[in-house]
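coordinates only, sequence not included:
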């Protein structure tokens, strides 16, 4: 776990001190910001809200789970920061937003993207492969418990990646 620790000053610099212009979204846990590490890697930083008591438990759960899970259809955890009252999870940046925004657009821009049947099939198949890994193929048997279009992120090639493991649970084999 120590190798995954990233200092807060690096993440502040990467996100422009968590500037609103870098905000990708917000949930019950807090906000997610886009950033760029010194080596040029693009990241998404999930910042736990200071006022969210529920979020601490979800963050710990997500950290414990995601650090142990590796699959091409799951968002990759890059690192974590737990210093100076900050609770931050650092993920790979997934550029094509969430599936719900691709399908239905956002309130901001009204952009709606049409997916052809081949793309739809690849997305469905990728989600199914990710779930199969979680349920059967990983060392842990994990049930996500919050799978929805907004928790499916699409990479540069429109490949799906399951995200947000805050409500996930491990079950015994």
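Structure received. Since this is a predicted model, take the numbers as computed values, not measurements.

Okay, now the unreliable bits of the chain?
1-2, 51-62, 106-113, 172-173 (pLDDT under 70).

show me where it has strands.
Ranges of strands within the chain are 23-27, 30-36, 42-48, 77-81, 88-92, 141-143, 152-154, 160-162, 169-171, based on DSSP state E.

Show me what the third one packs onto, helices and strands only.
When you say that, I think you mean strand 42-48. Strand 42-48 sits against helix 8-14, strand 30-36, helix 53-66, strand 88-92, with contacts defined as 3 or more CB pairs under 8 Å, 6 or more residues apart in numbering; DSSP states H and E. Placement of C-beta: from N, CA and C, glycine included.

So which other helices or strands are in contact with the lengthiest helix in the chain?
The longest helix of the chain (DSSP state H) is helix 117-132. Of the remaining helices and strands, those touching helix 117-132 by 3+ CB pairs under 8 Å, 6+ apart are strand 152-154, strand 160-162.

Kindly recompute the last result at 6 Å.
strand 160-162 (3 or more CB pairs under 6 Å, 6 or more residues apart in numbering; DSSP states H and E).

and the strand it packs on, how far from the chain's centre?
9 Å (CA atoms, centre = their mean, to the nearest Å).

One more: stretch 134-148?
Per CA atoms, centre = their mean, the centroid offset for stretch 134-148 relative to its chain is 15 Å.

Would you mark the buried spots in that stretch?
Neighbour-count burial for stretch 134-148, with 16 or more other CB atoms under 10 Å as criterion, is recorded at 134, 138, 142, 144, 147.
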